[in-house]
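[1] What follows is a predicted protein model with its sequence.
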Amino acid sequence: MLSLLRPLRSSSLRSPLARSARPLSSKDGASDSPTTMTFEKMATDKRYQATTDIHVPETAAPQAFSIQGEALAGKPAYLDAQATTPLDPRVLDHMLPHLLTGYGNPHSRTHEYGWDSEKAVELARGQVGRLIGADAKEVTFTSGATESNNMAIKGVARFYKKRKDHIITTQTEHKCVLDSCRVLEQEGFKVTYLPVQEQTGLVDLEELEAALTPQTSLVSVMAVNNEIGTIQPLKEIGALCRANKTFFHTDAAQMIGKVELDVHDLNIDLMSMSSHKVYGPKGVGALYVRRRPRVRLEAQMSGGGQERGLRSGTLPHPIIAGFGAACELAGQELAHDHEHISRLANKLKTEIHARIPQVVVNGGAGGVDGNGYIGCVNMSFAYVEGESLLMALKNVAVSSGSACTSASLEPSYVLRALGVGDELAHSSLRFGIGRFTTEQEIDFVVDLLDQHVTRLREMSPLWEMVQEGIDLSTIKWSQDAH
Ligand SMILES: Cc1ncc(COP(=O)(O)O)c(C=O)c1O
Ligand code: FES
């Protein structure tokens with residue numbers, strides 16, 4: 001099983017449970033806490049002996065073990081890193097003790113099981129905080145970025161409702177932000193959905209400034225767009241909000257661990273994060289909530305008052321521990337990941353452009369002019385129908401847009417907001433490159449694209465006309481072309 005895994009940089013895989021040669025730092029945990037304990041150590045510790053005998057069956061292997069580098073061995077190549085990332089085996093290693101023997105309820109105050117789990121949660125809180133320049137107390141755990149976005153937007157709007165009833169966001173936000181705003185509109189709030197600039201997808205700062213009013217309680221603008229990779233000018237947006245006494249929330253699900261960021265430097269008041277986008281487990285995320293100046297929000301979940309009353313419910317400490325470990329690793333690996341991902345993204349783009357004519361990069365992102373996240377490459381293959389291309393690429397896991405909307409045949413609302421025409425939006429694919437993407441996967445995808453784009457274009461009457469030199473814009477169609 002392990003031979004399929006591309007060896008992690010400077011790590012040696014000695015046990016069936018891959019262990020990094022660079023274990024996560026133990027500075028925050030007690031030396032005998034399951035949080036920091038390695039499997040070698042567990043083997044000699046009475047409390048954990050049973051767990052060392054557990055055989056991890058091949059079928060139970062996490063995604064990270066089975067998919068990476070296997071493009072040529074029957075499994076699809078994975079180029080969908082914006083939808084989700086594989087679990088880093090080092091994260092799994094860190095989580096296992098909490099799933100096996102450290103199963104106490106982190107809110108149980110009367111015994112060691114509870115204390116150990118609580119310690120794991122607090123260690124993770126510090127790890128998440130450190131990655132974004134925040135204090136651990138400013139980190140609230142949630143089930144993911146969807147919940148964090150709901151909590152931030154509805155929570156702030158409802159808390160300040162008596163004095164302020166206006167919210168600003170953009171047209172290219174994730175569905176969970178847009179839907180939260182729609183719910184608030186139904187409650188009587190006013191919402192401004194700012195357009196973005198053509199091609200780049202950037203917010204126009206002057207338009208934002210003009211939209212801010214004394215009634216604006218919150219501005220919510222995503223950090224990195226999940227479809228086109230656009231990185232918004234967070235610092236400038238934060239400064240405008242601060243000057244207007246408006247809170248600034250950003251959905252940073254696609255940014256944390258990939259692009260360096262500091263919540264103080266960027267004037268961010270609330271920030272949503274997701275573990276499964278940074279090689280952590282699914283089902284966990286966090287909301288950063290600034291303490292000074294203090295941001296207040298109405299809790300969206302009633303119950304036992306956990307997380308300082310902001311988010312009731314028993315904390316799932318094994319996946320929280322995994323999220324913390326993933327954040328710590330992301331901080332350590334940032335430069336290496338960036339180097340690896342940009343090399344592969346540039347290879348992908350250069351080879352596609354060299355071999356296939358008439359390909360457009362959407363969003364000005366994908367590293368083309370420096371305003372996008374390089375690991376998200378969105379391209380339109382003119383004169384090719386996107387769905388047919390996706391079908392032809394069944395040995396490649398790619399997406400025609402966001403994961404949530406990939407079941408719909410509608411062209412992406414994000415691309416439409418950029419001014420991309422329906423035809424080109426229909427022919428777009430998003431390639432997501434990550435820490436575990438291999439060069440063979442890129443080669444494999446480029447070969448397939450070359451083969452199938454050429455084949456599909458040969459079947460297209462439009463492509464034939466373009467080849468004959470006919471200017472399609474001069475043609476009078478008897479009815480709408482699609
Ligand atoms: C920008 C953005 N926000 C929010 C989410 C939702 O995150 P989660 O799956 O953690 O709820 C995603 C995931 O696709 C995303 O890309
Ligand atoms: S999961 Fe990413 S768009 Fe929904």
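    Yep, it's here. Ligands and ions are numbered 1, 2, ... in the order given.
[2] buried stuff in the helix or strand where residue 114 lies?
    Assigned by DSSP states H and E, residue 114 belongs to helix 112-132. Neighbour-count burial for helix 112-132 flags 114-132 (criterion: 16 or more other CB atoms under 10 Å). Every C-beta, even on glycine, is put in place using the N, C-alpha and C of the backbone.
[3] cool, and stretch 380-399?
    380-386, 389, 392-393, 396-399.
[4] Could you check how many residues crowd around the residue in the chain positioned nearest to ligand 1?
    Residue nearest to ligand 1 within the chain: residue 144 (2.6 Å; CB to the nearest ligand atom). Summarising burial for residue 144: neighbours were counted as other CB atoms under 10 Å, giving 21.
[5] hang on, isn't it packed against residue 274?
    Yes - using CB atoms under 8 Å, residue 144 is in contact with residue 274, at 5.0 Å.
[6] which residues do these two both contact?
    The contact sets of residue 144 and residue 274 overlap at residue 285 (CB atoms under 8 Å, 6 or more residues apart in numbering).
[7] Looking at the helix or strand that contains residue 333 now, give me its mean pLDDT.
    According to DSSP H and E, residue 333 maps onto helix 317-355. On average, the pLDDT along helix 317-355 is 96.
[8] cool, and stretch 125-137?
    Mean pLDDT, stretch 125-137: 98.
[9] ditto for stretch 229-247
    In this model, stretch 229-247 carries a mean pLDDT of 97.
[10] try stretch 80-95
    On average, stretch 80-95 scores 96.
[11] Next: stretch 148-163.
    Mean pLDDT, stretch 148-163: 98.
[12] Quick one: classify whichever residue of the stretch 101-250 of the chain sits closest to ligand 2 as helix, strand or coil.
    Residue of the stretch 101-250 of the chain nearest ligand 2, by CB to the nearest ligand atom: residue 226 (5.6 Å). Recorded secondary structure, residue 226: coil (DSSP: H, G, I helix; E, B strand; the rest coil).
[13] before we move on, what about residue 162?
    Recorded secondary structure, residue 162: coil (three-state DSSP).
[14] For the residue nearest the centre of the chain, give me the backbone phi and psi.
    By CA atoms, centre = their mean, the chain has its centre lying nearest to residue 254, at 3.4 Å. In terms of degrees, to the nearest 10, the main-chain angles of residue 254 are phi -90, psi 0.
[15] give the contact list for residue 166.
    189-192, 213, 215-217.
[16] Recalculate using a threshold of 7 Å.
    Residue 166 is in contact with 190, 213, 215-217, counting by CB atoms under 7 Å, 6 or more residues apart in numbering.
[17] Repeat that for residue 98.
    Residue 98 touches 34, 117, 120, 317-318, 321, counting by CB under 7 Å, 6+ apart.
[18] which residue packs closest to it, ignoring adjacent ones?
    Nearest residue to residue 98, sequence neighbours excluded (CB to CB, 6 or more residues apart in numbering): residue 318, at 3.9 Å.
[19] I'd say the one you found and residue 94 touch.
    No - the criterion here is CB atoms under 7 Å, and residue 318 misses it with residue 94 at 9.5 Å.
[20] So between these two, which is more surrounded?
    residue 94 (31 against 21).
[21] That one sits in which helix or strand?
    Following DSSP H and E, one finds residue 94 within helix 89-100.
[22] Same question for that helix: list its buried residues.
    In helix 89-100, counting by 16+ other CB under 10 Å, buried: 89-98, 100.
[23] Tell me the one among the residues you listed nearest to residue 454.
    Nearest to residue 454 among those: residue 89, at 38.5 Å, using CB to CB.
[24] what's the distance between the closest one and residue 389?
    Going from residue 89 to residue 389 by CB to CB, to the nearest Å gives 33 Å.
[25] Repeat that for residue 224.
    25 Å.
[26] Equivalent analysis for residue 161, please.
    47 Å.
[27] cool, residue 294 as well?
    From residue 294 across to residue 389, the span is 50 Å (CB to CB).
[28] circling back to that earlier point, need the buried ones from the contacts of residue 166 selected in ChimeraX.
    Here is the ChimeraX selection string for the buried members of these, based on 16+ other CB under 10 Å:
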select :216,217
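[29] Out of the contacts of residue 166, which is nearest to residue 350?
    Sorting the contacts of residue 166 by how near they are to residue 350, with CB to CB, puts residue 216 at the top with 43.8 Å.
[30] Quick one, grab the pLDDT at the closest one.
    pLDDT, residue 216: 98.
[31] now do the one 10 residues further on
    In this prediction, residue 226 carries a pLDDT score of 94.
[32] Residue 140 too?
    Note on residue 140: pLDDT of 98.
[33] cool, residue 44 as well?
    pLDDT, read off for residue 44, is 54.
[34] Contact residues of the stretch 151-300 of the chain facing ligand 1?
    Residues of the stretch 151-300 of the chain lying near ligand 1 by CB under 6 Å from any ligand atom: 174, 176, 222, 226, 251, 253-254, 274, 285.
[35] swap the cut-off to 8 Å and go again
    Proximity of the stretch 151-300 of the chain to ligand 1, by CB under 8 Å from any ligand atom, involves residues 173-174, 176-177, 222, 224-226, 251, 253-254, 272, 274-277, 282, 285.
[36] From these, which land in strands?
    Counting by DSSP state E, these place 251, 272, 274, 285 in strands.
[37] for the protein, which spans come out with low pLDDT?
    Within the chain, the segments meeting pLDDT under 70 span 1-74, 364-370, 401-410, 475-482.
[38] ok, now with 80
    Applying pLDDT under 80 to the chain flags residues 1-75, 364-371, 400-411, 422-423, 471-482.
[39] was I right about residue 396 contacting residue 78?
    No - contact criterion CB under 7 Å: residue 396 and residue 78 do not qualify, at 8.2 Å.
[40] Could you export the contacts of residue 166 as CSV, including distance to residue 473?
    Shown next, in CSV, are the contacts of residue 166 (distance: CB to CB, whole Å):
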residue, distance to residue 473
190, 40
213, 42
215, 45
216, 42
217, 46
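[41] Which of the contacts of residue 166 lies at the shortest distance from residue 465?
    Nearest member of the contacts of residue 166 to residue 465, counting by CB to CB, is residue 190, at 48.0 Å.
[42] Spit out the contact partners of residue 159.
    Residue 159 neighbours (CB under 7 Å, 6+ apart): 296-298.
[43] What count of nearby residues applies to the residue of the stretch 51-200 of the chain found nearest ligand 2?
    Minimum separation of the stretch 51-200 of the chain from ligand 2 (CB to the nearest ligand atom) falls at residue 83, amounting to 5.5 Å. Neighbourhood size, residue 83 [other CB under 10 Å]: 19.
[44] Then residue 304?
    Other residues near residue 304 come to 11 when the count uses other CB under 10 Å.
[45] what's near enough to touch the closest residue to it other than its chain neighbours?
    Leaving aside its sequence neighbours, residue 304 sits nearest to residue 312 (CB to CB, 6+ apart; 5.0 Å). Residue 312 makes contacts with 301-306, as judged by CB under 7 Å, 6+ apart.
[46] try 8 Å this time
    Here residue 312 is in contact with 299, 301-306 (criterion: CB under 8 Å, 6+ apart).
[47] in this protein, which spans are strands?
    Using DSSP E, strands in the chain cover 77-78, 139-142, 166-170, 190-194, 216-220, 247-251, 270-274, 285-289, 359-361, 376-381, 396-397, 428-432.
[48] Run through who's touching the fifth one.
    Looking back up the chat, that one is strand 216-220. Against strand 216-220 from outside (CB under 8 Å, 6+ apart): 149, 152-153, 156-157, 160, 163-169, 173, 177, 181, 208, 212, 237, 240-241, 244, 246-251.
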